[in-house]
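**Student:** A predicted structure for the sequence below; I have some questions about it.
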Amino acid sequence: MPTVKVNGIEVEVAPGTNMIEAARQAGVDIPHYCYHPHLPVAGNCRMCLVDVEAGGRGPDIACNMQARDGLAIRTDTDNVKRMRRSVMEFLLVNHPLDCPICDQAGECRLQDYYMEHGQHHSRLADEKITRTKRQDIGDLIILDADRCIACSRCVRFSDEVTKTGELRLFNRTDHTEIGVFPGTRLSHHYQGCLADICPVGALTNKDFRFQKRSWYLRAEPSVCDRCATGCNIDVDHDHGEVFRYRPRRNDAVNKSWMCDFGRLSYKRLAAEDRILTARGPEGAEGVDAVLAGLAAAVDAAARDHGDGSVGLVLGTRATNEANWAMLRALRAAVPGARVFLVEGNDPDAFDYTDDLLVHADKNPNTAGVRLIAEADGAVGDAEALRAALADGGLRLLLVLADDVLARLGEVRRPEALAFFGTWANATSEAARWVLPLAAAQEVEGSFTNFQGRVQRLQPAIPAAGDSRPGQVLAAGLARALGEDALPAGAAGVFHDLAANVPAFFGLSLAGLGAEGALVHREPPTEQVAPPDTRPAP
Amino acid sequence: MTQQVPGPEMTTGQKFYVREVLQGLWITLKHTVRNVLNADENFTIIDYPDVKKVMPERYKGAHRLTTRPDGKVKCVACMMCAQICPAKCITIEAGEDPDDPVEKYPVQFQIDMLRCIYCGFCVEACPKDAIRMDTGIYEINGFTRQDLIHDKAYMKDLKAGKKPLAEDWYREHPEDAPPGYDVKAPKLREGY
Amino acid sequence: MDWIQIGIVAAKIGFAVAFVMSIVPILIWGERKWSAYIQDRPGPNRAQIAGIRAGGLVHVLTDVVKLFMKEDVQPTAAMKAYWWVAPLIPMIVGLMTFTVVPWSSDFAIPAHSFGDWPAADLTIPMQVARINAGMLFILAFSSLSVYGIMLAGWGSNNKFSMLGGLRASAQMISYELAMGLSVVVMFLVYGTVRLDEIAQQQAGSIFNWGIFAPTGFIVGLIAFLIYWTSVLAETNRLPFDLPEGEAEIVAGYHTEYSSMRFALFFMAEYAHMIVGSTLTVTLFFGSYNIPFLRPETLQANIDGVLIALGCLGIPVNLFFAWLAWKRRRRVFYLSIRPDDPRQKEPKFWVAVWTMAALASAGLAVLGISRWVGMHLLAAETAVLLLHIGMLLVKVMFFCYVFVWIRWTLPRFRYDQLMNLGWRMMVPVAIANVLLAGIWVIIRETFLA
Ligand code: SF4
Ligand code: SF4
Ligand code: SF4
Ligand code: SF4
Ligand code: FES
């Protein structure tokens, strides 16, 4: 482990760490444009120039400087300040300063570093060199070559990450211009990331274009719910309206990237087909009234036809908490109820898979539901459900989140169907009771991604319409069935889950952290009591 | 922290205020008697609303949106004004103009004049000189709250009011001008 | 008590209310017009009925219409009961205090003046309630009016109202003390707390007036100054209008009030001014008495007085006619709206004042023709009217002083207000009471 000194502060860093990261660990920010933690080092912007005190010759660029024992750098000398100023001046020589109309303003490195390190007046007497503005180069990207500072991040991204290589820096010196090869367009499905990594407003997101100035947005950490990868995201919202998703760095899951399908899925939060109100046999009613009607039906079915006539299909698209709470609620009231897990993709899932991020399974929580089903021990699969429906013994089926009817294909419909879901689909069409389930970005809870990583969700915006988190609906159903002992808060449900599902032993919702936590592959033989993080009553 | 600026010490006699009060009363009484006897000759007033005061150039009146030579508003919907506005009374909806090199423009631009405090920060903040408060319009009124939400169409090149300004009026009717008013070189006298 | 007496009392109550309430609009107008003249402005000059603006009096009518038509906004968070009651209290208190004020000498009706009625000589006191407590009753009641303001401040559930209410209560309590002490001087000098007796003792020479503390002089002057200052504070008028303090606390205790509820506060302020002026006149300025004319003298020489009055009225009214005539060129908007009905107004006023001059002449003629001798009550009635008129003139003068002071002096700071009240006025008032006591002893023992 090499030990380096940054501004006199000693830090021990992992071998191979470069000095920008090392300085960050020492609490020193080194301004940079071209360096990106998940891209190869190019070292062409020169913004990260630092003075080397010992262990090398300086000044040098920090991004290309590997930490090694005895290396000492300084970022607070007058020399460094002068260098930064000069680099800023160079970068701004031909920069158009479109800030009033530039979507990057507010999160633009050029602006930030100018305020911190530049603060010079323009000395340029000649005409600025202009390049082509407003080029439509992809489905999601507008390129303004005029604003580019030629950091080549985007070039490296398309070369190394997506391996499509559409972008190049053409010409030389002052006339360097970023662009795509004539006649081509961006062809990959990670275009949004280009807008994210571009430190300036050269590559901007077409979808977000002019929608909102960035400083009005507040970011809430969450997880994308469009595939089993579970990319970490920041939900940018203002006044209860979500404007965009941005990938949140998680080196174990999505690095700094996310796919365009997930990125645009924020629109589904306010989509036309959101289920916003509860619906019973008599049309729209209050959530509680519908839950009461459903509970009465469950009671009647269990009484008249035995416990086995009631069934529940766990939801691979619902949170761990929603699944667990539903399971507990039904098991408590109707111990003999039959529970199923139907895997597969819904019709509204996007049709694209790659080996970079996008997983073939388009449900965010399949792994978690499998673990819950395993722990329950009596959960049937799609075949079992098909069989149970075919013989008619299953009279009342509760479906959580998934479009089970579509997944099953041609089957005999159960007599009565209840659907707890966020978006309308074939199952909700057929259901007698429909209950609005809040979307993942509106609830507290967790998803378990395909790696078995439990990742925390935090509500960014209030739940739309009448919709409620799954555990709240489950608790309501339990109450209507006469069981009031079940917890309704996400932390409480997770606590209960972690105490009962071996793979989750020892986890707590608050303890998941920003990176999430892996479930136990080999369940511990002894039960580890989870820490109780619920607030004191 | 407020700071107390020491004034001159009051004498004991002054602390009873009697003489000072009587002095003040004497002055106002003189004015009253003079005005009654002189049949209102001494008033230096402007006959508002029939004639209007000329506002100084830098008076902050109703907002207007300036235009470019091609007639479009200069505003690019950068939201600087909305951001700085301490009363949070500016609402802008941005949009893209595909035919315009200045890609962005305000689809809607509204100022809620009921909330505006006429601080002029929006004018200061605008990087495009797109908003100004130099109309000299100080009668900002309406019959409904909606009337007082000035929108883009209204503010675009808003011109000063239509009623005659005092200056113009007095030039044509010198006999109406208050005593001491120089019709040829109209200047706002002190005390106006 | 028979029906006639009840009728008489009812009539007196009606008169008291009418007296106060009819001066209120005039005062509101006065406040505007006089303040305008103080500030070299014309004041209200637009509202008109057929071109007649009456110097802005018509504005008062428009005010009434406006206040009635306005939306009565009730804050949702207000404490309803307090909030409802609050505006009533100052108005009621203002009218109540007026009940013990005499407005003329006793009206004596000899037995059998009208056929059989009255059976015996009847003396009607010209005051609603002749109670022994007299001035004490007023002191007691006027301190109640602060409750209205406090309730308004508290009940509005608004911090500005609350501050206004607190300011008002502290201020009123402080100044009531000084006011009470200055009134004590009058009690000592006149040896009674009954206002009618005080009024009687002030008849005749102006040196019988309270301000000269029947020739204790300086004592009366000091008492008057303190009393008057306290009255300003009690009525929340500038320079003591801190409870409203619009520069600091929006509108103080009535911030949340609108429409007629606000109007009640507004009118109560003027009612208090009227009552305050009336009391000042009653205690210090000879009450209803006409200087140098005792009621008996007046009654005996009523013809001569009428002649004098009529003769005096002619030049005064002609003077006003002349003023109106002078104004004919200064009608605003003359050249702007040539067909405006207001163009003709000066001529109208010249006519009115000329007619008033003629009426004065008529009065003189009446005096000469000894009309007052025609019935045994005619002289009594004339005296009554003259006394009421005199009272009105004096009250209006002091109301003017109220306005005059308001538009001259700046508002006190709160610490100055308290300093003036407690450190200046109270000690001086106490010293003054001692002085008055000494003077009364000297007067009783040596000069009696
Ligand atoms: S890239 Fe940055 S500096 Fe350039 S116009 Fe956009 S916001 Fe302004
Ligand atoms: S477009 Fe952006 S990311 Fe690409 S080279 Fe230019 S500044 Fe860098
Ligand atoms: S003048 Fe001030 S308050 Fe009014 S719109 Fe401009 S910034 Fe806002
Ligand atoms: S600051 Fe100027 S350009 Fe920007 S939105 Fe306001 S008026 Fe438009
Ligand atoms: S960040 Fe090191 S040269 Fe760009």
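**Tutor:** Happy to help now that I have it. Ligands and ions are numbered 1, 2, ... in the order given.

**Student:** neighbours around the nearest residue to residue A:346 once chain neighbours are set aside, how many?
**Tutor:** The shortest distance from residue A:346 to any non-neighbouring residue, by C-beta to C-beta, 6 or more residues apart in numbering or on different chains, is to residue A:403 (4.2 Å). For glycine as for every other residue, the C-beta is placed from the backbone atoms N, C-alpha and C. For residue A:403, the tally of surrounding residues (other C-beta atoms under 10 Å in any protein chain shown) stands at 26.

**Student:** and residue A:403, what is it in contact with?
**Tutor:** A:346-348, A:421, A:425-427 (C-beta atoms under 8 Å, 6 or more residues apart in numbering or on different chains).

**Student:** hey, where'd the strands end up in chain B?
**Tutor:** B:64-65, B:90-96, B:104-112, B:131-132, B:149-150 (DSSP state E).

**Student:** just say helix, strand or coil for residue A:446.
**Tutor:** Following DSSP: H, G, I helix; E, B strand; the rest coil, the label given to residue A:446 is strand.

**Student:** which ones are touching it?
**Tutor:** Residue A:446 touches A:319-321, A:368, A:454-457, A:490, A:494, A:509, A:512, counting by C-beta under 8 Å, 6+ apart.

**Student:** repeat for residue A:120
**Tutor:** Residue A:120 touches A:85, A:88-89, counting by C-beta under 8 Å, 6+ apart.

**Student:** so how many other residues sit close to residue A:198?
**Tutor:** So residue A:198, with other C-beta under 10 Å, has 27 neighbours.

**Student:** now do residue A:439
**Tutor:** Counted with other C-beta under 10 Å, the neighbours of residue A:439 add up to 26.

**Student:** what about it, distance to chain B?
**Tutor:** Between residue A:439 and chain B the computed distance is 26 Å (C-beta to the nearest C-beta, to the nearest Å).

**Student:** what's the closest non-adjacent residue to that residue?
**Tutor:** With C-beta to C-beta, 6+ apart as the criterion, residue A:439 has its nearest non-adjacent residue at 5.1 Å, and that residue is residue A:422.

**Student:** pretty sure that neighbour sits against residue A:436.
**Tutor:** Yes: using C-beta atoms under 8 Å, residue A:422 is in contact with residue A:436, at 7.4 Å.

**Student:** so for those two, which sits in the more crowded spot?
**Tutor:** residue A:422 (28 against 24).

**Student:** so what's that one up against?
**Tutor:** Residues counted as contacts of residue A:422 (C-beta under 8 Å, 6+ apart) are A:274-275, A:317, A:401, A:436-439, A:467.

**Student:** what is the nearest of the residues you listed to ligand 5?
**Tutor:** residue A:439 (38.2 Å; C-beta to the nearest ligand atom).

**Student:** gap between the closest one and residue A:418?
**Tutor:** Per C-beta to C-beta, to the nearest Å, residue A:439 is found 19 Å from residue A:418.

**Student:** all strands of chain C, in order?
**Tutor:** Using DSSP E, strands in chain C cover C:107-109, C:122-124.

**Student:** now the ones you listed in CSV, with mean pLDDT and mean neighbour count?
**Tutor:** Output for the strands of chain C, formatted as CSV (pLDDT from 0 to 100; neighbours: other C-beta atoms under 10 Å in any protein chain shown):
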stretch, mean pLDDT, mean neighbour count
strand C:107-109, 77, 16
strand C:122-124, 78, 15
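
**Student:** so what's residue 98 up against?
**Tutor:** Let's take chain A. Here residue A:98 is in contact with A:144, A:146-147, A:201 (criterion: C-beta under 8 Å, 6+ apart).

**Student:** I was thinking of chain C, sorry if that wasn't clear
**Tutor:** With C-beta under 8 Å, 6+ apart as the criterion, the residues that contact residue C:98 are C:16, C:19-20, C:128, C:274-275, C:278.

**Student:** biggest separation within those, which pair?
**Tutor:** Greatest spacing in those, by C-beta to C-beta: C:128 and C:274 (15.0 Å).

**Student:** show me where the stretch 251-400 of chain A has strands.
**Tutor:** A:278-280, A:283-285, A:310-314, A:338-341, A:379-380, A:396-400 (DSSP state E, counting those that start in this stretch).

**Student:** partners of the shortest one, with directions?
**Tutor:** Here strand A:379-380 is paired, per DSSP bridges, with strand A:338-341 (parallel).

**Student:** look up phi and psi at the residue of the stretch 1-150 of chain C found nearest ligand 4.
**Tutor:** Proximity to ligand 4, evaluated over the stretch 1-150 of chain C using C-beta to the nearest ligand atom, is greatest for residue C:73 at 34.5 Å. Torsion angles at residue C:73 (phi, psi; degrees, to the nearest 10) stand at phi -80, psi 130.

**Student:** so it sits against residue C:262, correct?
**Tutor:** No: the criterion here is C-beta under 8 Å, and residue C:73 misses it with residue C:262 at 9.7 Å.

**Student:** so the two - more neighbours on which side?
**Tutor:** For residue C:73 and residue C:262, the more surrounded residue by other C-beta under 10 Å is residue C:262, and the numbers stand at 19 against 12.

**Student:** what pLDDT is listed against residue A:521?
**Tutor:** Residue A:521 is assigned 72 on the pLDDT scale.

**Student:** sorry, wrong one. I was asking about residue A:438.
**Tutor:** Per-residue pLDDT puts residue A:438 at 95.

**Student:** need the contact list for the spatially closest residue to residue A:373 that is not a sequence neighbour.
**Tutor:** Sequence neighbours aside, residue A:379 is the residue nearest to residue A:373 in space, at 3.7 Å (criterion: C-beta to C-beta, 6+ apart). Taking C-beta under 8 Å, 6+ apart, we find residue A:379 in contact with A:314, A:339-341, A:373.

**Student:** number of nearby residues for the residue lying closest to residue A:65 once chain neighbours are set aside?
**Tutor:** Spatial nearest neighbour of residue A:65, excluding adjacent residues (C-beta to C-beta, 6+ apart): residue A:19 at 4.3 Å. Residue A:19 has 29 neighbouring residues, counting by other C-beta under 10 Å.

**Student:** how about the helices of the stretch 101-250 of chain A, start to end?
**Tutor:** Secondary structure of the stretch 101-250 of chain A (DSSP state H, counting those that start in this stretch): helices at A:109-113, A:153-156, A:191-197.

**Student:** so which elements touch the shortest one?
**Tutor:** Taking 3 or more C-beta pairs under 8 Å, 6 or more residues apart in numbering or on different chains; DSSP states H and E as contact, the helices and strands that helix A:153-156 lies on are strand A:167-170, helix A:191-197.

**Student:** do that helix and ligand 2 meet?
**Tutor:** Yes: using C-beta under 6 Å from any ligand atom, helix A:153-156 reaches ligand 2 at A:153-154.

**Student:** give me the contacts around that helix.
**Tutor:** A:33-34, A:36, A:39-40, A:42, A:167-169, A:178, A:194, A:197-199, A:203.

**Student:** ok, whatever residue of the stretch 101-250 of chain C ends up closest to ligand 4 - contacts?
**Tutor:** Residue nearest to ligand 4 within the stretch 101-250 of chain C: residue C:250 (31.4 Å; C-beta to the nearest ligand atom). Going by C-beta under 8 Å, 6+ apart, residue C:250 touches residue C:160.

**Student:** swap the cut-off to 10 Å and go again
**Tutor:** Residues near residue C:250 by C-beta atoms under 10 Å, 6 or more residues apart in numbering or on different chains: C:158-161, C:163-164, C:244, C:256.

**Student:** where does it fall, phi/psi-wise?
**Tutor:** Dihedral angles (degrees, to the nearest 10) for residue C:250: phi 60, psi -90.

**Student:** cheers, nothing more for now.
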